[in-house]
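Novice: Show me the folded form of this:
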Amino acid sequence: MKEKVLLGMSGGLDSAYSCKLLIDSGYEVVGAFGKFHSMSEPEEALRLGKEMGIRVKICDYSSDFEKTVVADLVSSYLNGRTPNPCAMCNKFAKFPSLIKTADSLGIERIATGHYARLERRNGRMAVLVAADKSRDQSYFLWKLGQDVLNRLIFPLAEVIKKDIPSDMRERVTSKESRELCFCEGSYVDFLSSRGIGGREGDFIDKEGKVLGRHSGIYRYTVGQRKGLDIALGRRAYVLDIDPEKNTVMLGFDEDSFCKGFLCDGLNFVSDAPFEGEDRLFVKVRYGAKAVAARVTVENGQCRAVFDEPQKLAAPGQSAVFYREDSLSFGGDIKCLL
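Specialist: I've put the predicted structure just below:
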């Protein structure tokens with residue numbers, strides 16, 4: 001009897017090719033389309049499932065998504081922080097929903113079309129960087145626990161996306177998903193559509209001098225330099241956001257670096273929980289290069305000091321630490337050093 005696996009089916013190329021690889025590997029695949037928001041429609045997933053000879057179950061998890069991912073996004077921006085909705089979704093919506101559905105169907109294994117690798121190391125399921133480093137999505141998986149990772153399969157672990165066969169590409173008509181998959185425009189447009197508006201406040205410099213007026217702190221993120229709508233004669237950056245004073249601090253190129261950061265909300269993935277000092281590589285945003293840092297873990301918090309100053313990181317974003325090719329642990333950036 002074939003082993004069953006529940007595959008998250010979005011209707012896109014990655015999940016469709018994952019389905020083919022699982023079938024070719026001898027699994028009996030059941031698809032699950034998760035309806036998390038109003039923009040998620042199941043037609044493509046159902047069509048592809050029918051073409052590939054599998055049944056696709058439609059699951060409405062929009063309530064959980066709204067209570068966790070959307071609520072965190074709204075709260076974060078209103079409090080001057082920059083959230084990571086994909087990491088939140090993986091932890092509190094996507095994977096819990098898949099497991100809930102798998103359990104209801106009596107299926108042990110689950111799978112998704114993420115580009116990342118899994119390998120058992122030292123008694124733990126380790127998350128490793130994907131073979132296709134240009135597509136690697138391990139950064140978004142740092143909040144997952146061993147209970148999820150031990151049930152998980154990543155069929156695309158060794159796949160180079162550009163090498164996916166053309167006949168598979170021709171079967172898929174939907175576009176690739178975006179980070180903000182639940183809104184058509186920017187997060188500002190999304191918040192505005194929810195009736196969330198910001199109070200005007202002051203742009204200030206490092207000495208507290210008023211430079212002009214901003215249109216709501218939720219429109220800005222630390223490190224931002226575009227869309228500030230203020231002319232200062234030089235390229236300006238957001239250095240800090242103070243929700244209590246309703247101010248946005250601006251600076252210039254020489255101010256746009258930090259030596260490190262503090263983070264909390266730690267979750268250890270490939271490495272068992274530890275305290276003390278270590279040297280690791282860290283990414284502070286998905287598109288950033290992993291850079292070397294001296295890391296000190298103590299009392300549930302992490303202090304990271306870069307070997308060389310780096311561009312400003314945004315409080316609220318994910319800091320993900322790597323030991324060679326494995327995801328050691330991650331945390332939420334609390335403040336900069």
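Novice: For the helix or strand hosting Arg294, give me every contacting residue.
Specialist: Using DSSP states H and E, Arg294 sits within strand 291-298. Counting by CB atoms under 8 Å, 6 or more residues apart in numbering, strand 291-298 makes contact with 260, 266, 274-283, 302-308, 310, 321, all of which sit outside it. For the C-beta atoms, the positions are set from N, CA and C on the backbone; glycine is no exception.
Novice: ranges for the helices of the stretch 101-250 of the chain?
Specialist: All helices of the stretch 101-250 of the chain, identified by DSSP state H, counting those that start in this stretch, fall at 146-149, 166-171, 187-193.
Novice: and the nearest residue to Gly11 once chain neighbours are set aside, what does it touch?
Specialist: Excluding its sequence neighbours, the residue lying closest to Gly11 (CB to CB, 6 or more residues apart in numbering) is Glu44, at 2.9 Å. Contact analysis of Glu44 by CB under 8 Å, 6+ apart lists Ser10, Gly11, Gly12, Val172, Thr173, Ser174.
Novice: Just the buried ones from these, in ChimeraX syntax?
Specialist: A single ChimeraX command selects the buried members of the contacts of Glu44 (16 or more other CB atoms under 10 Å):
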select :10,11,12,172,174
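Novice: Closest one to Gly216 out of the contacts of Glu44, please.
Specialist: Ser10 (32.8 Å; CB to CB).
Novice: so that closest one makes contact with Ala45?
Specialist: Yes. Counting by CB atoms under 8 Å, a contact exists between Ser10 and Ala45, whose distance comes to 6.4 Å.
Novice: about what we covered before: so which bits of the strand holding Arg294 are buried?
Specialist: Ala293, Val295, Val297.
Novice: partners of that strand in the sheet?
Specialist: With DSSP bridges as the test, strand 291-298 is paired with strand 276-283 (antiparallel), strand 301-311 (antiparallel).
Novice: Quick one: mean pLDDT for the last one?
Specialist: Average pLDDT, strand 301-311: 97.
Novice: Dump it to CSV, keeping only the CA atoms.
Specialist: C-alpha atoms of strand 301-311 as CSV (Å, rounded to 0.1, in the frame of the first residue of the first chain):
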residue,chain,number,x,y,z
GLN,A,301,17.2,36.9,23.9
CYS,A,302,19.9,37.2,21.4
ARG,A,303,22.5,39.9,20.9
ALA,A,304,24.1,39.9,17.4
VAL,A,305,27.1,42.1,16.5
PHE,A,306,28.1,42.1,12.9
ASP,A,307,31.7,41.7,11.9
GLU,A,308,31.2,44.8,9.8
PRO,A,309,28.4,47.4,10.1
GLN,A,310,25.3,46.6,7.9
LYS,A,311,22.4,48.6,6.5
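Novice: Can you give the contact residues for that strand?
Specialist: 223, 256-264, 266, 282, 284, 291-296, 319, 321, 329, 331, 334, 337.
Novice: Could you list the low-pLDDT ranges of the protein?
Specialist: Scanning the chain for pLDDT under 70 picks out the ranges 175-180, 183-184.
Novice: Isn't Ala16 up against Arg171?
Specialist: Yes. The criterion here is CB under 8 Å, and Ala16 meets it with Arg171 at 6.6 Å.
Novice: Overlap of the contact sets of the two?
Specialist: Leu48.
Novice: More neighbours: which of those two?
Specialist: Ala16 (27 against 16; other CB atoms under 10 Å).
Novice: Doesn't the more buried one belong to a helix?
Specialist: Yes. Counting by DSSP: H, G, I helix; E, B strand; the rest coil, Ala16 falls inside a helix.
Novice: so who does it touch?
Specialist: Met9, Leu48, Met52, Met168, Arg171, Val172.
Novice: and the third one, how many neighbours?
Specialist: Met52 is flanked by 17 other residues according to other CB under 10 Å.
Novice: which phi and psi does it have?
Specialist: The phi/psi pair for Met52 (degrees, to the nearest 10) reads phi -100, psi 0.
Novice: Which residues lie in contact with it in this structure?
Specialist: Ala16, Cys19, Lys20, Ile23, Val29.
Novice: Likewise for the last one?
Specialist: With contacts defined as CB under 8 Å, 6+ apart, the neighbours of Val172 are Gly11, Gly12, Leu13, Ala16, Glu44, Leu48.
Novice: Can you redo those as TSV, where the extra columns are secondary structure and distance to Asn150?
Specialist: Shown next, in TSV, are the contacts of Val172 (DSSP: H, G, I helix; E, B strand; the rest coil; distance: CB to CB, whole Å):
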residue	secondary structure	distance to Asn150
Gly11	coil	27
Gly12	coil	26
Leu13	helix	27
Ala16	helix	26
Glu44	helix	30
Leu48	helix	28
